[in-house]
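S.K.: missing the sequence, but the structure's below:
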């Protein structure tokens, strides 16, 4: 459940276009659910959430002030709702000029009406409180991403019924937004009743395996073992509207099963079998294929003989 792929940071994935035209401002794009089976069609469900950076990243987009990003968000939602109520007038150019394109307006309607959750990347406790208030005022369905200082306001997050996507080993205050980051964040949020999902590290699209290492670290800092397993399996499914369909072994759920050589949160454990949608997957990898290719080659290529 990462909100950005590769080594892209949230402040690089959103913002006003050249000349100040909003394209689409605070919104960095849409999230989708995929599987990692070997078939060509990996898309399970498109458009499950919209993504937006807040805090310092959102302030930079809005001109440098945190207050400005909230004004920009409210104005954007007002424009989307105006468009949704007056599509026929928009078609005949009978509506005032709007800062978003038609495609962006259409894409944001589910956010404005509360049917599509908004993943908000936010770190500082005070920013989390402001985002929670904004969601209440605007009727937005919210998912927090990051929330390194979430433990300071865990009760408020739980009371709002807002889930959190987090990296439990994000504990170094890399900037002023994360001065209170700590390894016990996952445990504190879970104890308060917040539904959490554990992410991998930066560049999580190709380091997704590290999510289980992070879960193990969270357990070593107070998160109950069962809660850590849930944060890797059933909780992400619930958060993205797929509860009962993924993340659990139960009648009617997808047959996604991993058989481990030992404790899955122990780094030395290895998968001995992987099934996705009931189909067993090969346990090969590019490094293993390269190893076998050159180990069995006789004679070795010239560069290796030298």
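M.R.: Good, I have the coordinates. Small disclaimer: the values here were computed from a predicted structure and weren't measured. Numbering: from 1, shown residues only.
S.K.: what's the spacing between residue 136 and residue 259?
M.R.: 44 Å (Cβ to Cβ, to the nearest Å). The C-beta positions use only the backbone N, C-alpha and C, and glycine is treated the same way.
S.K.: next one: stretch 270-284 to chain centre, how far?
M.R.: Chain-centre distance of stretch 270-284: 24 Å, with Cα atoms, centre = their mean, to the nearest Å.
S.K.: pull out the buried positions in that stretch.
M.R.: Residues 274, 276 are the ones in stretch 270-284 that count as buried (16 or more other Cβ atoms under 10 Å).
S.K.: which residues sit against that stretch?
M.R.: 35-38, 254-261 (Cβ atoms under 8 Å, 6 or more residues apart in numbering).
S.K.: same deal with stretch 258-267?
M.R.: Contact partners of stretch 258-267, identified using Cβ under 8 Å, 6+ apart, comprise 212-213, 215-216, 219, 225, 228-229, 268-275.
S.K.: the closest residue to residue 231 other than its chain neighbours pairs with what?
M.R.: Distance criterion Cβ to Cβ, 6 or more residues apart in numbering; nearest residue to residue 231, sequence neighbours excluded, is residue 198 at 4.3 Å. Residues in a beta bridge with residue 198, per DSSP bridges, are residue 166.
S.K.: and residue 198, what is it in contact with?
M.R.: Residue 198 makes contacts with 166-168, 186, 211, 214-215, 218, 228, 231-232, as judged by Cβ under 8 Å, 6+ apart.
S.K.: same question for residue 124.
M.R.: The contact partners of residue 124, taken as Cβ under 8 Å, 6+ apart, are 55, 149, 176-178.
S.K.: PyMOL command to pick out the buried ones of the residues you listed?
M.R.: One line in PyMOL is enough to select the buried members of the contacts of residue 124, burial here meaning 16+ other Cβ under 10 Å:
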select buried, resi 55+149+177+178
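S.K.: so can I have CSV of the contacts of residue 124 showing pLDDT, secondary structure and distance to residue 131?
M.R.: Shown next, in CSV, are the contacts of residue 124 (pLDDT from 0 to 100; DSSP: H, G, I helix; E, B strand; the rest coil; distance: Cβ to Cβ, whole Å):
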residue, pLDDT, secondary structure, distance to residue 131
55, 79, helix, 9
149, 95, coil, 12
176, 84, helix, 17
177, 86, helix, 13
178, 89, helix, 16
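S.K.: out of the contacts of residue 124, who's nearest residue 104?
M.R.: Nearest to residue 104 among the contacts of residue 124: residue 55, at 22.3 Å, using Cβ to Cβ.
S.K.: nearest to residue 101 among the contacts of residue 124?
M.R.: Closest to residue 101, out of all of the contacts of residue 124 and judged by Cβ to Cβ, is residue 55, at 25.9 Å.
S.K.: ok, that closest one to residue 150 distance?
M.R.: To residue 150, residue 55 is 13 Å away according to Cβ to Cβ.
S.K.: and if you look at residue 54?
M.R.: Remark: distance between residue 54 and residue 150 (Cβ to Cβ) = 13 Å.
S.K.: what are the phi and psi values at residue 32?
M.R.: With angles defined as degrees, to the nearest 10, residue 32 sits at phi -140, psi 160.
S.K.: count of neighbours near it?
M.R.: Using other Cβ atoms under 10 Å, residue 32 has 14 other residues around it.
S.K.: so the closest residue to it other than its chain neighbours: helix, strand or coil?
M.R.: Using Cβ to Cβ, 6+ apart and skipping residues adjacent in sequence, the residue nearest residue 32 is residue 46, 4.7 Å away. On the three-state scheme (DSSP: H, G, I helix; E, B strand; the rest coil), residue 46 is labelled strand.
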